[in-house]
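> show me how the following folds:
(chains A and B)
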2 protein chains.
Amino acid sequence: MAHADIGLIGLGTMGGMLALNIADHGFTVAAVDASEGAADRLKASAGSLASSIRACASLADLVQSLTAPRSVLLLVPAGQAVDDLIGELIPLLDSGDTIIDAGNSNFRDTQRRCAAMRSDGVRFLGVGISGGAEGARFGPAMMAGGEADSWGRVAPIMTAISATYEGETCAAWLGPDGAGHFVKSVHNGIEYADMQMIAEVHAIMHDGLRIPRTQVSEIFHEWNQGPLASYLIEITAKISSTMDPETDRPILDVILDKAGQKGTGRWTLIEAQHLGANVSVIEAAVAARNMSAALPQRIRGAELFAGASGNWPEADLTSNDLEHALIAGKIICYAQGFDMLMKASEEFKWKLPLPGIAKLWRNGCIIRSGMLNDMANALESADQNNLCFAPSFANVLINSAPKLRQTVMAALQNGTPVPALSAALCYFDTLRSARTSANMIQAQRDFFGAHGFERTDRHGTFHGPWIPDDKAE
Amino acid sequence: MAHADIGLIGLGTMGGMLALNIADHGFTVAAVDASEGAADRLKASAGSLASSIRACASLADLVQSLTAPRSVLLLVPAGQAVDDLIGELIPLLDSGDTIIDAGNSNFRDTQRRCAAMRSDGVRFLGVGISGGAEGARFGPAMMAGGEADSWGRVAPIMTAISATYEGETCAAWLGPDGAGHFVKSVHNGIEYADMQMIAEVHAIMHDGLRIPRTQVSEIFHEWNQGPLASYLIEITAKISSTMDPETDRPILDVILDKAGQKGTGRWTLIEAQHLGANVSVIEAAVAARNMSAALPQRIRGAELFAGASGNWPEADLTSNDLEHALIAGKIICYAQGFDMLMKASEEFKWKLPLPGIAKLWRNGCIIRSGMLNDMANALESADQNNLCFAPSFANVLINSAPKLRQTVMAALQNGTPVPALSAALCYFDTLRSARTSANMIQAQRDFFGAHGFERTDRHGTFHGPWIPDDKAE
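Down below sits the predicted model:
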């Protein structure tokens, strides 16, 4: 083989699949892994693609195998492993070569690495990739951050292997330094929220309304033909009708309700706090995963307080109501996510293209959906960058929000926890309140801390004529 | 004056009041401020206490004025100012002297400073102080972290000037390094949540049920004689009946609903994410402040979606119902706060005394209340450290939670935003669910990412027999 087009370090599930994807698109790839023999095994399993894969024995071997200027893709666990690899690569690379971190890195690490790299002459890109193993093999979504011309150098390969939506690529450069990994973490936060709202609606149907699992599956399948059409609804339909071969019971009956997480949802929430962004639906979803892990507490709570009654009067809520509740919840959740992206864009001076991000998410990634195409259009003209205010989505919300309200109220009445749907509803109710209860908060803050308040009738900062506090008893 | 008992640096509102408080308790204090003349002005305004205050012109003057081993109290803005002062003080102090940072420092800074200080021989304490100006002058609550014997050295002064509750001091050493400032930040988070829930109930009474302001004030005043008796309810009663002298309108009518924050609520939420603690009521309160600042968005939202209807049917909800709703919300919010403290205690190996913290908060601080006395007792015996599971509070919740449910449902039906109360209710409903919807989350995660799931019927990690994904369209 002549020199390879790109190098790939880290041949776990994602890395291995990406290597095959690259080879499948007519490029040659030099591959290496810390685990001995992994590169050889990949090549051996690659069938007709084997001739496009060069299994390397070392980093030095990999670097020497690449066409200059070199492009090296890292698919290793976020954190120290990335820094270690960069440290080993820098002496082997030349000025103008590009390292691409395609792992799930925290964007603050990516910012730091971009800043450190510039002085070395080696270029650095942080690229968030979504789509799981399947996506990595056949077309993921890619969110790139770093210098635009560095992306331009690797874009021919990256866009070739990415997903497309009606002919448009789902890989794009979004902004400087950590912009790509930041957008990826918001994507993951939205993914948590999407999943949680689906799980809540599923619980209402199955545990509350006692709709049989096969029928629940059919309802999700129907929804997948309408406005909710998406990968997550599609797999939910499949999951709902899947049987456990060992017990011949529905698989959902035997899966423990203890959800894991890898931390990217938490990162999103931490950054939301720094930005003062309200992403309450994502907060509820992450909290629900934390609570799911606290099984002993929940068992004790059920003993003391008795759980949800189950067996609701079925007539209260139709599947059409639930579909609209989920549509409203989804729009609100995405509105929060895009609002957070806009706040980050201002804070870090990234000029993030909100419509471009929505376009990029239309295919390849876990939250891919048809609605994202409408969102891309709506965000071009949304008032104050709030998706809820775009005319097309405002009209949907006017129809769907009452169903969200009806759904949350029915769940609360019956004691079924719906933290994400209810957070979405509370956000909506706050968003449409020209006057909120925060005047009381400001009065209290001024009373005990002399923090001052603004007035409705004139500009400036004022204090109240508070009666002096009674001496603490 | 002979050598002074303690030095105090930083004579803003809090520092000045603390100096007077110290002098008022028979100790002598050497005081200095970066602003020239501030120490002289303090002394001049101190009346009969002036002879116990030494106004110093410089840090060196202050250090020379102190009895050895010296104790120096810092009351300066959190952040760089603290590090700068420490840097200037270290060369002036001797091994065995103690610096006490009594500002609102982030506990991670306090951890760092404790670690750095140990090698110098100068001791360092991080002490969170709550109570506002009034508390600083007549008795605040103090949450101390650092080495126990360093606290022992300064405890005679610190406990003398602190608030007491039935003769017990509201100042205590809580654990090593950042423990005191950490507990203070959770205190502040709870304060945000307490205030937000009160504001929501107030809005229901005034905006929803259209109860006249004077009557609302009376209701809060009555509540202040019962289980909700607390400083925040007391001042809410006063605020509700306060008139604006300039317009002769109720002061709440002229205060803009745009709430500020100083960041400690955000810190609490960021640490909650690191710990995997669910503090959803605090999250809702911080988010409500963020939303309150987004006035142009809310005005646009009100135009598009029409705000709350107002004018509810009054019969739906009595003030007694609302009192119980607030009781339930408060218990749940504090349960989350104490759960977070327990998780931090395990993470940082602090051995935080939960009942001791509840005792300390009974007086002096902003969230002081009689209920904290019951909480202190309950936490001695709470199952799994969850306040909701302590028999006394479990019984209250069994009675009050249905009123919380009724209140949230009425508010949602009428479109009044109640994010904090509704987060409390959702937490309660999750806490009493032995089985949640998280089985769906785990099924989805395994479907698209092969993350595996646990089963209800055996140990281990398993994967589902998923039908292969349809190729992305």
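> next, give phi and psi for A:Ile9.
phi -110, psi 120 (degrees, to the nearest 10).
> what about it, distance to A:Glu147?
21 Å (Cβ to Cβ, to the nearest Å). (Each C-beta comes from the backbone N, C-alpha and C, glycine too.)
> give me the more crowded residue out of the two.
Neighbour totals were compared for A:Ile9 and A:Glu147, and A:Ile9 leads with 25 against 18 (other Cβ atoms under 10 Å in any protein chain shown).
> for that one, list each beta-bridge partner.
Here A:Ile9 sits in beta bridges with A:Val32, A:Leu74, going by DSSP bridges.
> does A:Asp339 touch A:Asn278 like I think?
Yes. Using Cβ atoms under 8 Å, A:Asp339 is in contact with A:Asn278, at 7.4 Å.
> quickly list the domain ranges of chain A.
By the assignment in automatic domain parsing, chain A contains the domains A:6-177, A:185-431.
> picking up where we left off before, who's more crowded, A:Asp339 and A:Asn278?
Neighbour count, other Cβ under 10 Å: between A:Asp339 and A:Asn278, A:Asn278 has more, with 28 against 24.
> tally of neighbours for A:Ala306?
11.
> which one is it nearest to, not counting chain neighbours?
Leaving aside its sequence neighbours, A:Ala306 sits nearest to B:Arg432 (Cβ to Cβ, 6 or more residues apart in numbering or on different chains; 6.6 Å).
> need the contact list for the one you found.
Neighbouring residues of B:Arg432 by Cβ atoms under 8 Å, 6 or more residues apart in numbering or on different chains: A:Arg298, A:Gly301, A:Ala302, A:Leu304, A:Phe305, A:Ala306, A:Gly307, A:Gly415.
> roughly how far apart are A:Ile204 and chain B?
9 Å (Cβ to the nearest Cβ, to the nearest Å).
> try A:Leu252
5 Å.
> so who does that residue touch?
A:His206, A:Arg213, A:Ile239, A:Ser240, A:Thr242, B:Asn439, B:Met440, B:Ala443.
> want to throw the residues you listed into a markdown table with distance to A:Ile467, secondary structure and neighbour count?
Conversion of the contacts of A:Leu252 to a markdown table gives the following (distance: Cβ to Cβ, whole Å; DSSP: H, G, I helix; E, B strand; the rest coil; neighbours: other Cβ atoms under 10 Å in any protein chain shown):
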| residue | distance to A:Ile467 | secondary structure | neighbour count |
| --- | --- | --- | --- |
| A:His206 | 56 | helix | 21 |
| A:Arg213 | 62 | helix | 20 |
| A:Ile239 | 61 | helix | 28 |
| A:Ser240 | 61 | helix | 26 |
| A:Thr242 | 66 | coil | 20 |
| B:Asn439 | 55 | helix | 27 |
| B:Met440 | 54 | helix | 25 |
| B:Ala443 | 59 | helix | 25 |
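> now, the most widely separated pair of these?
A:His206 and A:Thr242 (13.7 Å; Cβ to Cβ).
> thought A:Arg368 was touching A:Ala229?
No. With contact defined as Cβ under 8 Å, A:Arg368 does not reach A:Ala229; the gap is 9.8 Å.
> with neighbour numbers in mind, choose between those two.
A:Arg368 (26 against 15).
> what's the local residue count around the residue lying closest to the more buried one once chain neighbours are set aside?
Excluding the flanking residues, the one nearest A:Arg368 by Cβ to Cβ, 6+ apart is A:Tyr231, at 5.0 Å. A:Tyr231 has 26 neighbours, counted by other Cβ under 10 Å.
> swap in the one 10 residues further on?
Using other Cβ under 10 Å, A:Ser241 has 18 other residues around it.
> phi, psi of it?
Dihedral angles (degrees, to the nearest 10) for A:Ser241: phi -110, psi 10.
> again, but for the one 3 residues further on
Its backbone dihedrals place A:Asp244 at phi -80, psi 120, with angles given as degrees, to the nearest 10.
> kindly report the same for A:Pro176.
The phi/psi pair for A:Pro176 (degrees, to the nearest 10) reads phi -70, psi 170.
> tell me the contacts of it?
A:Cys114, A:Gly145, A:Gly146, A:Glu147, A:Phe348, A:Trp350.
> so how far is A:Gly145 from it?
7 Å.
> next one: A:Glu323
Taken as Cβ to Cβ, the span from A:Glu323 to A:Gly145 is 36 Å.
> first-to-last residue distance for stretch A:60-70?
Chord length of stretch A:60-70, first to last residue, is 13 Å (Cα to Cα, to the nearest Å).
> so for it, mean pLDDT?
Averaged over stretch A:60-70, pLDDT sits at 96.
> what does stretch A:338-356 give?
Stretch A:338-356 comes out at a mean pLDDT of 96.
> need the contact partners of that stretch.
Against stretch A:338-356 from outside (Cβ under 8 Å, 6+ apart): A:172, A:174-179, A:182-183, A:186, A:268, A:271-272, A:274-279, A:357-358, A:375-377, A:379-380, A:385-387.
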